[in-house]
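> Provided below for reference: sequence and predicted model.
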Amino acid sequence: MDKVNGNHEARIGFYVCHCGHNIAAMVDCTEVAKYVGQLPGVVLSRDYKYMCSDPGQELIQKDIKEFDLNRVVVASCSPLLHEHTFRSAVEAGGLNPFFFHMVNIREHVSWVHTNRDEATAKAKALARAAIRRVAHHRALDVKKVPIHPDVLVVGGGIAGIHAALTLAKAGKKVYLVEREPSIGGHMAKFDKTFPTLDCAACILTPKMSEVGAHENITLWSYSEVVKMDGYVGNYTVTVKRRPRYINEDLCTGCQECIANCVYREPKFPDDFNEGLGKRKPVYIPFPQATPQVVLIDPEVCLNFKRGVLTDKCKKTCVEACGEKKAIDFQQKEEFQEIKVGTIIVATGFQAFDVARMPQYGYGRYPNVYTALEVERLVNASGPTAGDVLLRDGRHPKSIGIIHCVGSRDKKTNRWCSRVCCMYSMKLAHLLKEHTEAEIYNFYIDIRAPGKGYEEFYDKLLEEGVHFIRGRVGEVTDWAFIPEEEGKLVIRVEDTLANVVRRIPVDMVVLSTGLEPQPDAQAVRRLFNMSCGSEGFFLERHPKLAPVNTFTDGIYLAGCCQSPKDIPDSVAQAGAAAAEAMVLIDKGHIEQEPNTAYVLDDCSGCKSCIPLCPYTAITFNEGTKKADINEALCKGCGTCVGSCPSGSIVQNLFEDEEVFSEIQGVLAND
Amino acid sequence: MKYSYFPGCSLKGTGRAYEESLLPVFQALGVELEELDDWNCCGATAYMAVDEVKACVMASRNLALAEKAGHQELLAPCSACYLVLNKTKHYLHESPAVEAVVQKALHQANLTYSGNTPVRHPLDVLINNVGIDAIKKRVTQPLKGLKVAPYYGCQIVRPYASFDDQYNPTTMDRLLEAIGCTIVTYPLKTRCCGGSLTGTLPEPGLLCAYVLLKEAIARGAEVVATVCPLCQFNLDCYRDKMVAKWGGETVPDPRKAGARIAVGPRLDIPVVFFTQLIGLAFGLTEKELGLQRGFTPLRRPAPAQPQTAAA
Amino acid sequence: MDLRRTIKYESDRVKGFGREVMSVPGCEQLENCIQCGTCSGLCPLSIYMDHTPRQVMELTRSDFKDEVLRSTTIWLCASCYACTVECPKQIRITDIMYELKQRAIHEGFYPKRFPIPVLAQEFYRMSHKRGRVTENFLATIMFLKTNLLAALGMWRLGLNLFARGRFPLKLEGIKRRDELVRMMAVVDKLSIDALQNSQQNGGNGGGHPGAH
């Protein structure tokens, strides 16, 4: 019998758990306990109904003391469930927790066998293997990785804003990085929010101001994360700050420069207004933009030619700025490096591109709009000051709102985008309020699951909006009867009234679905995350860990994880902030010590370095040997297997441990 | 360039003018067409309604004959033939069980099927193999400003949109523009003409065909160009019935805002095959192109002022 | 006032009918139908059908074989494929319609002298016999068999076609008709074999319908 680490005699305590009927129904536990009891090195061998219970754990602790055990093996369920439980029990009994080994005879034996004899034989073999292995276990210490207290929040939409504020109010220092010139995200574009019909800007802008003013938040707008290195608690992030050609600290947001620009009238399509309005080369995205700073678009500003500074313009803007001297045409893009311990990704969604569904006529017929365009049309600070004026100058007397554009469709996106039914109803209400038109909502199902949502649907029905259950196949402009001439015609089966209908409308609104951002793949690689098959960032567990990712220290919030409404985005943002605070407030994180380390006889061949999927191995120029960063190492074993001289060892999977286990399985006693 | 040519039953019958215009146009462009020896009926839509496996066998015989002929590609002008041959290829690829039956059956005729022969449509070949430039070069009498409504029908763009966009195909538009025509906006370019329903169930069938002509008139077209012999038949040969049912309808006059024109008298708008228009631009005679076979024959537009055919 | 009682019991279902139809390759997607109505909305003929395409899909899936095979829907389908390309679940609706047509013909579920199945069967016969169809002959036969009066009413059309050389007087045909006969015999035999095999195994008719 192998001696414990070659020194002392092994004194092993073995426990086999019945797990109620889960194991006992297929494995003869008493038999296994009896068998193991006579193996060399085993001091005591018990079977028990529920090892994970308090009495079960106390039994282990008592036995360790009473029988002077130096190793413990429990044969029960999956280590994923109770390895931690038993390690803690062993530790409480006075032994190093890594002197414990667990055998899975539930998922690996009982649940996959139908023959009791075979199952019991396998359980015995696995137990035997574990007994041989555990003798070789060394004492190991759980690694403690310190956590840097600062947090990076990527994305300044409602989720990012809420997460940043929550953390800032808890006293943490937050960097909020937002790609657009202002925070606010999609919510800033909405007119009113469902179901309360609160004005979106009215509820959002106070939070935006708070972000701008909070001493704990460093707001970097018009900026992007370009590089992320490090590991949980110790991330080094490089942020690219794009040039606005305005000194943020000096600009007061007076907007005199805009008023005095050489362009008398705004001329260029306005992104914030979904292309429906116009702006000048120097502009502020919207009146309540945070930071309240203008910016200059070098693609259209006369002082540039195709983005390159020529300095040929009169620069009336500089003149108007006067004493403040906030305009700086020499500004260059800047890179800032920051150190943070945790990161919250809240990069949001993109709306489905309706060009992918030409059958709805967007672009071909001027009076077909997307939902976001309509939000701007009805908004008092939109391009038409809230007057629903169509592209051809008319006011619509009839409007068709088409649900599920780019959702629930195998040809585009299979999922339901969750918010479109509600916002379609909201738009129906707003359009009715603004135009008194006949409004038709064409839907497949009405999804109104939230608080107050079904009641909102009731309200819409009371307002006389027509709800027709029938998915629209196409929008056309050919008239079958004179009443249809000059209008857009929607032909649909009214599945509930059981009749096919042709409905002529002046305006068509496409309720576009929510999709991952176009650069979701690039972003996920940047942050070492995964994406689901539909392209949204992948949560660690869909039910129990919706804001965690598979990378420790990186969290998700909002629509970048899946389509959701504002209340859920805010809730997730709060949850992500709390998860981040778990790490920050604890101050350190404990890591499984199944890391690899390099022995002295490393020849410096460097074969292992490019193989590590976690970039944990570097070449030490001083010692001319490979170095493994314990904190980055995840214990995958790739380097161990690849080392040509066998100079890398992995804790918990040392050669002797593994070989003795194999021998134990194959032995015949 | 050489292709195996599959006319299909229609091009030897009511759709004669399609073949009559297709062959000289392709010849003028230097494309050789060799009629598939002993080709059989593709089965069209009617056969499929009776027995699917046998329909595959019928169609596969042609595909196998094409492989044997060795010209690498098979040209099928008739929309139904084009669809059935392509559909059969897909079906054989997806269903090994059916392919096994087909191979066994073909063996009886000393034929095999390997699936290597693509089935092409004339529009596809003209745009992608011959090219617009070559066609432009061959034009001697451009159809200056003749207003054409390009009608593609359903079966060459659905369900397989292999050479053109499914919702807004433009291959024929581009071809006809290259020979001088003006294409009118025609939203019904892929809507069903009624197929064989015009003969079996006139009421729904004729309505489908009628709306196509009505919209062409409302858009100011002087001629409708088609690609399918059945579409051409449906639009061309039932005008008297359409006048009887819907002749009293009016549409807005595309040339004068506020005015309306009566549909009835305009229902004699000529309906031709696109190859006939191309042939005219190449300087071929009306007789050579079978233009007299249309119920409303199209006369070559006078060079100075474009005219539609006299009724 | 004419009152009609309409209720469907589980015994009205022909259990397994839906599954059989869905077993044709490409038709499995019918399982995922969410009854959105896109097909019926696009179908140019749906306004004439007693059941819209969407309803036929649901009736098929729910095994109401009688309703489905007696509907006018399957005959009015002109195979324009507008439904198939737009269906958000990519159900091959047109192919299902063909499948239902085949079953209806095979089981005789249509009124006598209904032109469409008569046309289909005459087409089948003529293409088998001669290898090609001559359209005008085919149409004439169909009219004679279904509606003599209408046939006579088509005299003007016939004359106009004849005057323009679009009414051939000779029947088309292929040279090697024996090939076709042999090829079809193979299919018949295989179908019968399959039928016999499945009967031996105790199943019910797995053979392909239309073993004429």
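Happy to help now that I have it.

> Find me the pLDDT at the most centrally placed residue in chain C, would you?
Nearest to the mean C-alpha position of chain C, counting by C-alpha atoms, centre = their mean, stands C:K101 at 2.3 Å. pLDDT recorded at C:K101 is 94.

> Surely it and C:I74 touch.
Yes - at 5.2 Å, C:K101 counts as touching C:I74 under the criterion of C-beta atoms under 8 Å. For every residue, glycine as well, the C-beta is placed using N, CA and C.

> Just the element for B:L33, please.
Following DSSP states H and E, one finds B:L33 within strand B:32-35.

> Kindly apply the preceding question to C:G26 instead.
Per DSSP H and E, there is no helix or strand for C:G26.

> which residues touch it?
B:E94, C:R92, C:D95 (C-beta atoms under 8 Å, 6 or more residues apart in numbering or on different chains).

> since we're on C:M22, how many residues are nearby?
Using other C-beta atoms under 10 Å in any protein chain shown, C:M22 has 19 other residues around it.

> now do A:K339
13.

> Skipping its backbone neighbours, what lies nearest the residue nearest to the centre of chain C in space?
Nearest non-adjacent residue to C:K101, counting by C-beta to C-beta, 6 or more residues apart in numbering or on different chains: B:A49, 4.0 Å away.

> my guess is the one you found meets C:R103, correct?
No - using C-beta under 8 Å, B:A49 makes no contact with C:R103, being 10.4 Å away.

> So which residues of the stretch 151-300 of chain B form helices?
B:171-178, B:197-200, B:202-218, B:229-236, B:239-246, B:263-266, B:274-281 (DSSP state H, counting those that start in this stretch).

> Dump those helices to JSON lines, plus mean neighbour count.
Listed next are these as JSON lines, based on neighbours: other C-beta atoms under 10 Å in any protein chain shown:
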{"stretch": "helix B:171-178", "mean neighbour count": "21"}
{"stretch": "helix B:197-200", "mean neighbour count": "26"}
{"stretch": "helix B:202-218", "mean neighbour count": "22"}
{"stretch": "helix B:229-236", "mean neighbour count": "27"}
{"stretch": "helix B:239-246", "mean neighbour count": "16"}
{"stretch": "helix B:263-266", "mean neighbour count": "16"}
{"stretch": "helix B:274-281", "mean neighbour count": "27"}
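
> got a list of what C:R113 touches?
Going by C-beta under 8 Å, 6+ apart, the list of residues near C:R113 reads C:K145, C:T146, C:N147.

> next one: A:A520
A:T347, A:C531, A:G535, A:F536, A:F537, A:C560.

> nearest to C:I47, of these?
A:G535 (39.8 Å; C-beta to C-beta).

> Return the per-residue confidence for the closest one.
96.

> Could you measure from it over to A:A351?
14 Å (C-beta to C-beta, to the nearest Å).

> Have a look at the two and say which one is more surrounded.
More crowded of A:G535 and A:A351, by other C-beta under 10 Å: A:A351, with 20 against 15.

> Quick check: PyMOL command selecting the buried ones in the contacts of C:G26.
Restricted to buried positions by 16 or more other C-beta atoms under 10 Å in any protein chain shown, the PyMOL selection for the contacts of C:G26 reads:
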select buried, chain C and resi 92+95
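
> And the contacts of stretch A:225-232?
Counting by C-beta under 8 Å, 6+ apart, A:145, A:147, A:152, A:154, A:177, A:235-240, A:335, A:341-343, A:526-528, A:551-554, A:583, A:589, A:629, A:631-632 sit against stretch A:225-232.
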